[in-house]
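Visitor: what's the 3D shape of this:
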Amino acid sequence: MEVFSKHRLQLYTGRSHPALAAAIAAHLGIGVGDCEIVDFPDGEVRARYGDSVRGADMFILQTHAQAGDRSVNDLLMEQWVMIDAAKRASAKRITAVCPRYGYGRQDRKSRGREPITARMVADFFRSAGAERIMTVDLHSGQVQGFFDGPVDHLTATNILMDHLQQQLEGDFVMVSPDTGRTKVAEKAARSAGDRDIASVYKRRSRDQVGRVEALDVMGHVRGRPCVLIDDEIDTASTLCEAAKLLYDKGATDVWATATHGVFSDPAIDRLKNSGISRVIVTDTVPLPPEKQLDMIETVSVAETFADAIRAVFEEGSVSELFGGDNQT
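Guide: The predicted structure is shown next:
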């Protein structure tokens, strides 16, 4: 008797961002699989697949950002439970798709007696049963080395810069909001047609989380529009302080762009009063109605993820999708 194995791609999603999962599935020409997720009264979560996943190449999507009353911790646990359920149901391969990777900023010890939580999260994914991770624009590229398996590190820089150039005219300067993001600004400047770059020197408070002071600008910004670029906007403290300093240094206009629009309180109020004209983010994090401002524009990463998922499924190269420019 001959047995023919059928290579099967299946995409599932947790409850953090079903709209993004549906958009990715549409680009792939498939549907999002059925997974029942139940909350118990004490807060525990259970996942059960409504389809057979035996032998499937499974992609389980969950973005790690506050979603309604579900915290980042809740969403991580939910994804780990889904991965464990898939492993125990005999899935052939499991890829954790994490548009925003939780705890990615805790990638090193800045002081004694602190954790490296980004590594711990990677260990939990491996223990749950994920064989690879797919994410976009990590806070630090070194996080890829924390996972004991392949990491497909995508980038949204190209789609952000394409959108930006359609919206903003003139000889704009690409600005890093701190010295640690200079490489990101350089990559974006190349993608936007070899623009000039500048960098803000800032000081972050060790005692107050989210407290930032912008001190000076390295680069020529006087009389020119500026675009601040970062991996994510959380409380917007860094961006707003940087924007104020750029205006003080003679910038004619300030825009901001980032991959992950988290917008934790009080980000929206800060942006309203910042003088920043436009904020461009991707849809890696859902934007609830109360955070939708006229100044905020969203571009989709659904096609980027769909192309990467297809490449993994077909054993192709993910790096070739970005011309090798996705490794930093």
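Visitor: find me the pLDDT at the closest residue to Arg108 other than its chain neighbours, would you?
Guide: Nearest non-adjacent residue to Arg108, counting by C-beta to C-beta, 6 or more residues apart in numbering: Ile116, 6.2 Å away. From N, CA and C alone the C-beta is placed, and that goes for glycine too. For Ile116, the model assigns a pLDDT of 97.
Visitor: how about the contacts made by Ile116?
Guide: 106-109, 146 (C-beta atoms under 8 Å, 6 or more residues apart in numbering).
Visitor: quick check: Val184 touching Ser176?
Guide: Yes - counting by C-beta atoms under 8 Å, Val184 does reach Ser176; the two are 6.6 Å apart.
Visitor: got any residues that touch both of these two?
Guide: Contact with both Val184 and Ser176 is made by residues Ile229, according to C-beta under 8 Å, 6+ apart.
Visitor: show me which of these two is the more surrounded one.
Guide: Higher neighbour count among Val184 and Ser176: Ser176, with 25 against 21, using other C-beta atoms under 10 Å.
Visitor: just the contacts of Ile116 now: which is nearest Val53?
Guide: The closest of those to Val53 turns out to be Phe146 (C-beta to C-beta; 26.7 Å).
Visitor: can you give me the helices for the stretch 101-250 of the chain?
Guide: Using DSSP state H, counting those that start in this stretch, the helices found in the stretch 101-250 of the chain span residues 117-128, 157-167, 182-191, 237-248.
Visitor: which strands and helices sit next to the last one?
Guide: The helices and strands touching helix 237-248, judged by 3 or more C-beta pairs under 8 Å, 6 or more residues apart in numbering; DSSP states H and E, are strand 197-204, strand 212-218, strand 225-233, strand 253-261, helix 267-272.
Visitor: what packs against the helix or strand bottoming out on mean pLDDT in the chain?
Guide: Taking mean pLDDT, DSSP states H and E as the measure, the helix or strand of the chain with the lowest value is strand 212-218, at a mean of 82. Here strand 212-218 touches strand 197-204, helix 237-248, going by 3+ C-beta pairs under 8 Å, 6+ apart.
Visitor: mind listing what that strand pairs with, with the direction of each?
Guide: According to DSSP bridges, strand 212-218 forms sheet pairs with strand 197-204 (antiparallel).
Visitor: residues of the strand it pairs with that come out buried?
Guide: Judged by neighbour count (16 or more other C-beta atoms under 10 Å), strand 197-204 contains these buried residues: 197-200, 202.
Visitor: using CSV, lay out the helices and strands packed on strand 212-218 together with distance to Ala188.
Guide: Shown next, in CSV, are those (distance: least, C-beta to C-beta, whole Å):
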stretch, distance to Ala188
strand 197-204, 8
helix 237-248, 15
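Visitor: make TSV from those and add mean pLDDT to it.
Guide: Formatted as TSV, the helices and strands packed on strand 212-218 follow (pLDDT from 0 to 100):
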stretch	mean pLDDT
strand 197-204	86
helix 237-248	94
